[in-house]
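Asks: A structural model of the following input is requested.
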Amino acid sequence: MNKEVSSADIAELCKNTVELAPAFAERNVAVAVFSSLEYLPMAATVFQSIIEHANPERNYDLILVCPNLPKEEDRWRLSFMVKKYNNFSLRVVDGSSFIELLHRGLKQKDFGYNIDGECLRLFIPLVCRNYEKVVCLGADVAAATDIAEFYDVELGDHPIAAPSYHPLLNDMWHRLTEIEFKKSVPNPREYEYKDVNSWKMPDDVYVKKVLGISAYKNLFNGDVLLLHIPILNREEFTRNGLNLLFSQKWKSLTEAVFNRLLHSRCLWLPPEWNVSSSIWSGGSLNAEITEAIHEVEFKAYSKWIQQAKIFHFAGVPLNKPWKNLMAPHAEVWWDYTRETPFYEELLSILMQIEMHRETREVKKLVSEQSKMPSLKFKIKLLSILCLFTFGKTRRRLKAKRETIRKRVKAFETATQ
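Replies: You can find the predicted model right below:
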């Protein structure tokens, strides 16, 4: 059984963590970005987006929290980004002591993304324990306006503020995920969910049964938050959060913990502060998504994009602009990245990914081409069988024939 994290453990953790104070005495805007070392260039893009929209009358206190210290060269490149600005400070915090405590009790050993980087958001209240409040951002966002506007939100007695989900897009997202669930699980509502990390558990089931929250719309995303530090530390949020994190497996790790402990006291902000592109596919909509989206929703999304204050490149790798030039709003991300010292490095990685993708596509087309004669013969055979069958059998054969026809048509379109 895992040892419970105690107040003494947290005190020891604070002793081993640098005690930051606000970088500026006046007009300080504190922004903490949590990131794995792998995402360091992406975190630099977050900072660049903040720099480009900064108010010269404000001071920006940027803090990067990593699982351990980056290489000296990378720390130099980060400091170079703010060297010419008198109203910017950028510091890097080593989170290795927190990661050591984290792995003492974390049940997830194999996860879909970097556990250490994701869990660092739970460490930020301790890193910034001498602050009144701090903006907390993931490494896959980009500011489209002055981040000071977000920081200046009056929290009152709320421990946290977060953007709400857009109501129209929330409904649309559920319909789209239902399409995916039906592919992987024929009867998703009858499926026995033994492990939330199978990713087959529908969102509404997870939210109600696992998180104990009445509706999906009451959740907030963990990558765009405003934290009220004194309240969180007075309530021992990091200690309680770690123990809750250790109590079982969670589909979204510390995002689940934040929601479980704080959603009822969250100050909700407009959805423009977290405009996610995770429901879109590669710059264009595929047929299934087009059928599921109503015209009014698409217009609402288009208007929402124009009002975006923070872009969030969430979701699968296909939606990450550093992995796919055709990802939704990739041009926004690359405009900022181009101005960072990591631009050439990311461009080189992207070129390698594109080359591998093209190679895979060519191999796939060659393989598919060899199967075309057989597939076309099956279509003719199924058409004949449909003439001599009735009821459910005929419908099943017709459905199979239609699936093969679509596959042949897709190949012919790709090779035109």
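Asks: wait, isn't residue 231 in contact with residue 157?
Replies: Yes - using Cβ atoms under 8 Å, residue 231 is in contact with residue 157, at 7.3 Å. All C-beta spots, glycine's among them, are computed from the backbone N, C-alpha and C.
Asks: who's in contact with the nearest residue to residue 140 once chain neighbours are set aside?
Replies: Nearest residue to residue 140, sequence neighbours excluded (Cβ to Cβ, 6 or more residues apart in numbering): residue 313, at 4.6 Å. When contacts are counted by Cβ atoms under 8 Å, 6 or more residues apart in numbering, residue 313 touches 140-142, 277, 319-321, 327-329, 333.
Asks: what segments of the stretch 1-150 of the chain are helices?
Replies: 7-15, 40-52, 72-82, 96-105, 115-119, 124-127, 148-151 (DSSP state H, counting those that start in this stretch).
Asks: ok so, going back, between residue 231 and residue 157, which is the more surrounded one?
Replies: Neighbours of residue 231 and residue 157, each counted by other Cβ atoms under 10 Å, are more numerous for residue 231; the result is 18 against 8.
Asks: read off the pLDDT value for the more buried one.
Replies: Looking at residue 231, its pLDDT reads 97.
Asks: give me the element it is part of.
Replies: Secondary structure from DSSP states H and E places residue 231 in helix 229-234.
Asks: quick one: that helix to chain centroid distance?
Replies: Remark: helix 229-234 is offset 25 Å from the chain centroid, using Cα atoms, centre = their mean, to the nearest Å.
Asks: okay, now the sheet partners of the helix or strand harbouring residue 225, with direction.
Replies: Using DSSP H and E, residue 225 falls within strand 224-228. Sheet pairing for strand 224-228, assigned by DSSP bridges, gives strand 133-137 (antiparallel), strand 160-163 (antiparallel).
Asks: can you put these in a markdown table and add mean neighbour count and mean pLDDT?
Replies: Output for the strands paired with strand 224-228, formatted as a markdown table (neighbours: other Cβ atoms under 10 Å; pLDDT from 0 to 100):
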| stretch | mean neighbour count | mean pLDDT |
| --- | --- | --- |
| strand 133-137 | 26 | 97 |
| strand 160-163 | 24 | 95 |
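Asks: I'd like these written out as JSON lines, with distance to residue 52 added.
Replies: What follows is the strands paired with strand 224-228, written out as JSON lines (distance: least, Cβ to Cβ, whole Å):
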{"stretch": "strand 133-137", "distance to residue 52": "15"}
{"stretch": "strand 160-163", "distance to residue 52": "21"}
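Asks: list the buried ones in stretch 151-158?
Replies: For stretch 151-158, the neighbour count (16 or more other Cβ atoms under 10 Å) marks 151, 155, 158 as buried.
Asks: tell me the angle of the helix ranked longest in the chain relative to helix 72-82?
Replies: Longest helix in the chain by number of residues, with DSSP state H as the criterion: helix 343-387. Counting by axes from the mean of the first three to the mean of the last three Cα atoms, to 10 degrees, helix 343-387 lies at 100 degrees to helix 72-82.
Asks: other SSEs contacting helix 343-387?
Replies: Using 3 or more Cβ pairs under 8 Å, 6 or more residues apart in numbering; DSSP states H and E, the elements in contact with helix 343-387 are helix 391-414.
Asks: average pLDDT for the helix it packs on?
Replies: According to the model, helix 391-414 has a mean pLDDT of 85.
Asks: quick one: it to chain centroid distance?
Replies: Counting by Cα atoms, centre = their mean, helix 391-414 comes out at 36 Å from the chain centroid.
Asks: likewise stretch 258-278?
Replies: Distance, centroid of stretch 258-278 to centroid of chain: 13 Å (Cα atoms, centre = their mean).
Asks: got the CA positions of that stretch in PDB?
Replies: Provided in PDB are the C-alpha atoms of stretch 258-278 (Å, rounded to 0.1, in the frame of the first residue of the first chain):
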ATOM      1  CA  PHE A 258      -8.400  19.700  -9.900                       C
ATOM      2  CA  ASN A 259     -12.000  19.200 -11.100                       C
ATOM      3  CA  ARG A 260     -12.900  16.700  -8.300                       C
ATOM      4  CA  LEU A 261     -11.600  19.100  -5.600                       C
ATOM      5  CA  LEU A 262     -12.400  22.600  -7.000                       C
ATOM      6  CA  HIS A 263     -15.100  22.500  -9.700                       C
ATOM      7  CA  SER A 264     -17.900  23.600  -7.300                       C
ATOM      8  CA  ARG A 265     -15.900  26.700  -6.300                       C
ATOM      9  CA  CYS A 266     -14.600  27.600  -9.700                       C
ATOM     10  CA  LEU A 267     -15.100  31.100 -11.100                       C
ATOM     11  CA  TRP A 268     -16.200  30.500 -14.600                       C
ATOM     12  CA  LEU A 269     -14.700  32.700 -17.400                       C
ATOM     13  CA  PRO A 270     -15.800  33.100 -21.100                       C
ATOM     14  CA  PRO A 271     -14.900  30.200 -23.400                       C
ATOM     15  CA  GLU A 272     -12.800  32.500 -25.600                       C
ATOM     16  CA  TRP A 273     -10.000  32.000 -23.000                       C
ATOM     17  CA  ASN A 274      -9.600  28.400 -24.200                       C
ATOM     18  CA  VAL A 275     -10.400  27.900 -27.800                       C
ATOM     19  CA  SER A 276      -9.600  24.200 -28.500                       C
ATOM     20  CA  SER A 277      -9.300  22.700 -32.000                       C
ATOM     21  CA  SER A 278      -9.300  19.100 -30.800                       C
END
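Asks: and that stretch, which residues are buried?
Replies: Residues 258-263, 266-267, 269, 271-278 are the ones in stretch 258-278 that count as buried (16+ other Cβ under 10 Å).
Asks: ok, residues contacting stretch 228-243?
Replies: Here stretch 228-243 makes contact (Cβ under 8 Å, 6+ apart) with 4-7, 9-10, 101-102, 105, 122-123, 125-126, 128-129, 131-134, 155, 157-161, 254, 257-258, 261-262.
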